[in-house]
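Give me a 3D structure for the following:
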Amino acid sequence: MDFGFEAGDEEFRAEARAWLRAHVDGALDRRSWERILGKAGWIGLSWGETGYGNRSATLTQQVVWAEEYARSEAPTRSGHIGENLLAPTLLAHGTDEQRARFLPPVAAGEELWCQGYSEPGAGSDLAGVSTKAERATDGTYRITGQKIWTSLAHEADWCFVLARTEAGSVRHHGLSFLLVPMDQPGRIEVRPIRQMTGTSDFNEVFFDGAHARVEHLVGGEGAGWGVAMSLLGFERGVSTLAQQIGFAGELGRVVRTAVKSGAVADPVVRERLVRQWAELRVMRWNALRTLGGSGDAGAPSVAKLLWGGWHQRLGELAMLVRGAGAGVGPAEWSAEAPYELDAAQHLFMFSRADTIYGGSDQIQRTIIAERVLGLPREPKGVV
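Modelled structure (predicted):
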């Protein structure tokens, strides 16, 4: 299948661009922005004709929207976890009652979600989760444990949690996928994790007997691993192309800095800039090829390896062309108080994590080796 844009897609692009130009406002908080997007019908384009308050769009139109959104420099989405991860999962595995309860508020931008997967002892190896969910006499589940690196937990209204519902179970067995309200004082505590960039994008979440209703169990008790893996399949796709628009903007700023600083006079620097540009084009065509249906089981892992390494190299190049001053930190620095980095410093420091979060490079290579190349499976500590 060839992936290409048609005349109707360009009309859709013009509509999206005009709407974004008229509505993007840097003064808006992120929750208000989600509601504006929802009211205009821009949330849930990939859900199809569901009747839950979203507008449907073709695959190419979804790509157009993602690209135009990135180009518009609109606020970073706080609703993407509910829209792009939870909603497709409920459409695939949820009950009619679950879809009717949770999809309309997501489509309206009214309820925000976070993902309760990683734990201190179970990051890339997700099957090692130890958070427990025990059935109580009142029919609810009581959840106890800790999640970490939880994006947007400090803003979220709900969290989908992978927890162990079968006592004594190990690895992929005995796990369940639960929908948990975050407004449970005394039962759920969110602690922001301060990064070396000075920001707090991630959080630790502690569950101390937090309640989840039995009707908010997705896919059935003990079926959580299959649901969780299905969700991860939705994590990469159209959003990868939007990410690349952001990468192109960062590359453009690095090029302008190289010209301003005079670093572009160095032929080695010029070669590295051109290589970054060429590799970004390759990533785009690879993403389009995968969306067009000619990908394979290892396509998401290949994409993650490509962009993770590319972005780290761009961060290193940004510091190089910035010059010696790039190594000088903020004038006002404190281990406790927030501080600001310039664009090159932030890019360099944040991109160090690109080859770790979302599945480390080692994990991605193992997936490719086992699922694509058919090599022997890596031994596990517990089977």
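
residues near residue 138, how many?
When counting by other C-beta atoms under 10 Å, one arrives at 9 neighbours for residue 138. (C-beta placed from N, C-alpha, C; glycine too.)

any idea how far residue 87 is from it?
Relative to residue 87, residue 138 is positioned 29 Å away (C-beta to C-beta, to the nearest Å).

same question, residue 286
When distance is defined by C-beta to C-beta, residue 286 is 26 Å away from residue 87.

likewise residue 169?
According to C-beta to C-beta, residue 169 stands 28 Å off from residue 87.

who's more crowded, these two?
Each of residue 169 and residue 87 has its neighbours counted (other C-beta under 10 Å); residue 87 has more, 26 against 12.

Tell me the confidence at the more buried one?
For residue 87, the pLDDT comes out at 94.

Helix, strand or coil: sort out it for me.
Classification of residue 87 by DSSP: H, G, I helix; E, B strand; the rest coil places it in helix.

wait, isn't it in contact with residue 98?
No. Using C-beta atoms under 8 Å, residue 87 makes no contact with residue 98, being 10.8 Å away.

Any chance you could list what contacts stretch 103-114?
Contact with stretch 103-114 is made by 31, 33-39, 43-44, 47, 50, 52-54, 78-79, 81-83, 85-87, 90-91, 102, 150-153, 155-160, 182, 203, 205, as judged by C-beta atoms under 8 Å, 6 or more residues apart in numbering.

Among those residues, which are located in helices?
Judged by DSSP state H, these include 31, 33-39, 81, 87, 90-91, 102 as members of helices.

out of these, who's nearest residue 309?
Distance to residue 309 across those (C-beta to C-beta) is lowest for residue 81, with 25.0 Å.

OK, contacts around that closest one?
So residue 81 contacts 112-115, 151-152, 156 (C-beta under 8 Å, 6+ apart).

swap the cut-off to 10 Å and go again
With contacts defined as C-beta atoms under 10 Å, 6 or more residues apart in numbering, the neighbours of residue 81 are 87, 106, 112-115, 150-152, 156, 158-160, 235.

mind listing what's buried in stretch 154-168?
Across stretch 154-168, burial judged by 16 or more other C-beta atoms under 10 Å covers 154-156, 158-165.

Export the residues you listed as a markdown table, with columns for distance to residue 245.
Formatted as a markdown table, those follow (distance: C-beta to C-beta, whole Å):
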| residue | distance to residue 245 |
| --- | --- |
| 154 | 27 |
| 155 | 24 |
| 156 | 26 |
| 158 | 29 |
| 159 | 29 |
| 160 | 28 |
| 161 | 32 |
| 162 | 31 |
| 163 | 36 |
| 164 | 39 |
| 165 | 41 |
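
Strands - which of the residues you listed land there?
Secondary structure assignment by DSSP state E places 158-164 of the buried residues of stretch 154-168 in strands.

Report the spatially nearest residue to residue 72, omitting neighbours in sequence.
Closest residue in space to residue 72, ignoring its immediate chain neighbours: residue 20 at 4.0 Å, by C-beta to C-beta, 6 or more residues apart in numbering.

In which helix or strand does that neighbour reside?
If you go by DSSP states H and E, residue 20 is part of helix 7-23.

Could I get the average pLDDT for that helix?
Averaging pLDDT along helix 7-23 yields 93.

what do you get for stretch 35-55?
Stretch 35-55 carries an average pLDDT of 91.

How far does that stretch sit from its chain's centre?
Relative to its chain's centre, stretch 35-55 lies at 19 Å (C-alpha atoms, centre = their mean, to the nearest Å).

So residue 210 belongs to a helix, correct?
No. Using three-state DSSP, the secondary structure at residue 210 is strand, not a helix.

quick one: contacts for it?
Taking C-beta under 10 Å, 6+ apart as the criterion, residue 210 is in contact with 131, 133, 140-145, 159, 161, 163, 178, 180-182, 184, 186-189.

try 8 Å
Here residue 210 is in contact with 142-144, 180, 184, 187-188 (C-beta under 8 Å, 6+ apart).

Point me to the helix or strand that includes residue 286.
Assigned by DSSP H and E, residue 286 falls within helix 267-289.
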